[in-house]
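Curious how this folds, go ahead:
(one chain, ligands or ions: 1)
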Amino acid sequence: MKLLLLIALTAASVAHAQTRWQLATGYRADSFHTQNAAQFAADVEQATAGALRIQLRPNNTLFKLGEIRQAVQEGRAEAGETIMSSMVGDIPIAGVDAIPFVVHSYSDARRLWHLQRPLIEKHFAARGLKPLYVVPWPPQGLFSNKPVRSGADLKGTRMRTYNQSTVRIAEMLGASPVDVPMVDVNRALVDGKVDSMITSAVTGVENRVWGQIGYFYGINAWFPKNIVFVNAKAFDALPSTDREAVIQAATRAEERGWALSEAVASESMQELQRQGMTVGRVPAAFESELKRLGEKFSREWVKSVGTEANLIFIPYYLHR
Ligand code: PCA
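Sure, this is the predicted structure:
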């Protein structure tokens with residue numbers, strides 16, 4: 001009798017076996033990427049009837065943004081989110097979405113992602129990682145605490161950077177790069193450590209930059225993407241129905257995230273304006289200057305990446 005009871009109890013606990021994943025991100029809980037990830041987690045929990053719970057750890061609380069990929073690779077967190085171009089040092093092709101003036105719209109960004117995706121999957125698989133979904137930031141614009149008429153106006157300014165690409169661009173402009181994590185931008189401005197930066201309007205809104213920064217130029221320089229991924233062993237350990245549920249929720253998260261990004265792009269430009277900032281375009285001569293800088297950046301990038309760059313650029317430009 002006792003034995004039967006024991007068997008029954010064991011069976012019940014197996015039926016309710018629950019897997020928990022932690023998903024680390026360096027962005028705030030209320031940022032649109034994290035809200036999208038929260039919806040992804042809720043969808044997974046629902047589709048697996050609670051068998052897989054994904055707990056979000058936003059705001060660099062579990063690991064700092066720059067450490068997340070390594071931590072997930074080593075199984076110290078099951079899942080994570082990072083900005084793809086931050087991985088260029090290890091996976092050069094990951095930086096293709098941070099080359100200035102290659103992508104001009106969300107539909108270009110989509111096309112670029114379809115070409116980049118198989119390569120990212122291959123490089124992730126080689127590291128024991130599985131990409132789940134990718135969502136772009138709104139286009140990158142130029143913020144400055146004084147009007148900018150030409151590159152000369154940025155010379156000598158302290159320019160906030162968030163990855164190797166932005167550091168190189170600051171150097172090309174003759175500005176001094178200052179590395180500031182996204183969640184610390186407001187503090188850096190208030191402390192007077194930064195004069196200019198290239199990032200999205202929504203990042204400006206989240207950091208309430210209008211106290212210190214008066215100008216935003218919509219130069220649409222590039223559309224960087226965040227990638228959400230999981231440790232492949234953790235993923236493979238799931239029953240196949242749960243794996244399928246994760247993939248389906250990820251597909252929905254990618255679609256929802258792209259739409260959200262596009263909506264947030266225009267809302268945040270309006271918000272910058274409502275807060276009294278001057279929002280506009282740069283003069284045509286400066287635009288040409290920036291384009292040349294973009295071309296130089298592309299050449300350097302192609303040289304550093306080698307043949308893999310062709311797998312993206314040739315079809316990208318051929319089917320324009
Ligand atoms: N915001 C992030 C990355 C790109 C963006 O638009 C940041 O500024 O760090």
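
Please count neighbours and contacts with C-alpha atoms only from this point.
Fine.

residue boundaries of the helices in the stretch 151-300 of the chain?
Read by DSSP state H, counting those that start in this stretch, the stretch 151-300 of the chain holds these helices, from start to end of the chain: 164-172, 185-190, 201-206, 232-236, 240-274, 284-305.

Show me what counts as buried in the shortest one.
Yep, that's helix 232-236 we're talking about. Of the residues in helix 232-236, those scored as buried under the neighbour-count criterion (16 or more other Cα atoms under 10 Å) are 232, 234-235.

Name the nearest of those relative to R281.
A232 (44.4 Å; Cα to Cα).

okay, now the residue of the stretch 201-320 of the chain found nearest the ligand: neighbour count?
Going by Cα to the nearest ligand atom, the ligand is nearest to T203 of the stretch 201-320 of the chain, at 5.1 Å. As a burial measure, T203 scores 21 neighbours (other Cα atoms under 10 Å).

can you check D90 too?
9.

Now it: phi and psi?
The phi/psi pair for D90 (degrees, to the nearest 10) reads phi -100, psi -40.

do you know how far it is from the ligand?
Here D90 is placed at a distance of 19 Å from the ligand (Cα to the nearest ligand atom, to the nearest Å).

what pLDDT does that residue get?
The predicted local distance difference test score for D90 is 94.

could you dump the buried residues of helix 232-236 to CSV with distance to the ligand?
Formatted as CSV, the buried residues of helix 232-236 follow (distance: Cα to the nearest ligand atom, whole Å):
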residue, distance to the ligand
A232, 26
A234, 28
F235, 27
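
could I get those residues as CSV with pLDDT and distance to V72?
Shown next, in CSV, are the buried residues of helix 232-236 (pLDDT from 0 to 100; distance: Cα to Cα, whole Å):
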residue, pLDDT, distance to V72
A232, 98, 9
A234, 98, 10
F235, 98, 12
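
now, which of the residues you listed sits nearest W301?
Within the set of the buried residues of helix 232-236, A232 lies nearest W301; the separation is 29.3 Å, counting by Cα to Cα.

Show me what from the stretch 1-150 of the chain comes close to the ligand.
137, 140 (Cα under 6 Å from any ligand atom).

Mind pulling the model confidence for A79?
pLDDT, the model's per-residue confidence, is 99 for A79.

scratch that, H319 is what I was asking about
At H319, the model reports a pLDDT of 81.

what's around it, how many residues?
Other residues near H319 come to 7 when the count uses other Cα under 10 Å.

again with F223
Neighbour count for F223, taken as other Cα under 10 Å: 27.

now A245
By the criterion of other Cα under 10 Å, A245 has 18 neighbours.

try T307
The local packing count at T307 equals 10, with neighbours defined by other Cα under 10 Å.

Relative to P92, how far out is it?
11 Å (Cα to Cα, to the nearest Å).

Could you do A188 as well?
Counting by Cα to Cα, the gap from A188 to P92 is 29 Å.

do the same with L132
Here the distance between L132 and P92 works out to 20 Å (Cα to Cα).
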